[in-house]
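Peer 1: just to be clear, the model below is a prediction. Sequence and coordinates:
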Amino acid sequence: MVNITNDKGSISITSEVLTYLAGDAATRCFGVKGMAGRSKEGGPLQLLRRESMSKGIEVSFNDDGSINLALHIGVDYGVNMAAVANSIMSEVKYKLTKSAGVPVKCVDVYIDTIIG
C-alpha cells in the first residue's frame, strides 16, 4: 500500500488499484493481446480476462514511496516486441504517475506468449 500525505490529509492506495491502472494502460497499447498468467497449480500459460488481469502484474513497494512493476503479457504475432515493450513501459509509468500520483521507479515487461 502506498500512503500519500499532504497538508489536506492522506490517501492510501492499495496494490489492487495500482495493478488495475497498470493493466488497463498496458492492454491499451498497440500489439498487446492481454495480460498473461498461470494457474496456481503451474498449468499452461493463458490470457487473462479484464477482471482478473491483476494476476499478470506484480507490484513491489520501495522505501522511498515509489513502486516497481512486473507485467506479464501476450502480444500479437509479427509485432516489434522491443517497440511494444517500450510503449508499455512509458504508458504504464505515465498513467500511474498522472492518475494516482505514485512515482514509478521501474517497469519490467515480460512477453510470455505470442498469439498468432
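Peer 2: Now that the structure is in, tell me what you want to look at. Residues are numbered from 1 along each chain as shown.

Peer 1: what is the burial count for Lys33?
Peer 2: 17 (other Cβ atoms under 10 Å). Quick note: C-beta positions are derived from backbone N, CA and C, even for glycine.

Peer 1: that one reaches Asp76, doesn't it?
Peer 2: Yes. Look at Lys33 against Asp76 with Cβ atoms under 8 Å: they come within range, at 5.9 Å.

Peer 1: shared neighbours of these two, anything?
Peer 2: Common neighbours of Lys33 and Asp76, using Cβ atoms under 8 Å, 6 or more residues apart in numbering, are Ile115.

Peer 1: contacting residues for the residue nearest to Thr19 when sequence neighbours are not counted?
Peer 2: In this structure, Thr19 finds its nearest non-sequential neighbour in Ser54, 3.8 Å apart by Cβ to Cβ, 6 or more residues apart in numbering. Neighbouring residues of Ser54 by Cβ under 8 Å, 6+ apart: 16, 19-20, 23.

Peer 1: export those as CSV, with columns for neighbour count and secondary structure.
Peer 2: CSV is the format used below for the contacts of Ser54 (neighbours: other Cβ atoms under 10 Å; DSSP: H, G, I helix; E, B strand; the rest coil):
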residue, neighbour count, secondary structure
Glu16, 11, helix
Thr19, 20, helix
Tyr20, 16, helix
Gly23, 24, helix
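
Peer 1: nearest the geometric middle of the protein, what residue?
Peer 2: In the chain, the centroid-proximal residue (Cα atoms, centre = their mean) is Ala22; its distance is 3.6 Å.

Peer 1: and it, what does it touch?
Peer 2: The contact partners of Ala22, taken as Cβ under 8 Å, 6+ apart, are 57, 59, 69, 71, 92, 95-96, 107.
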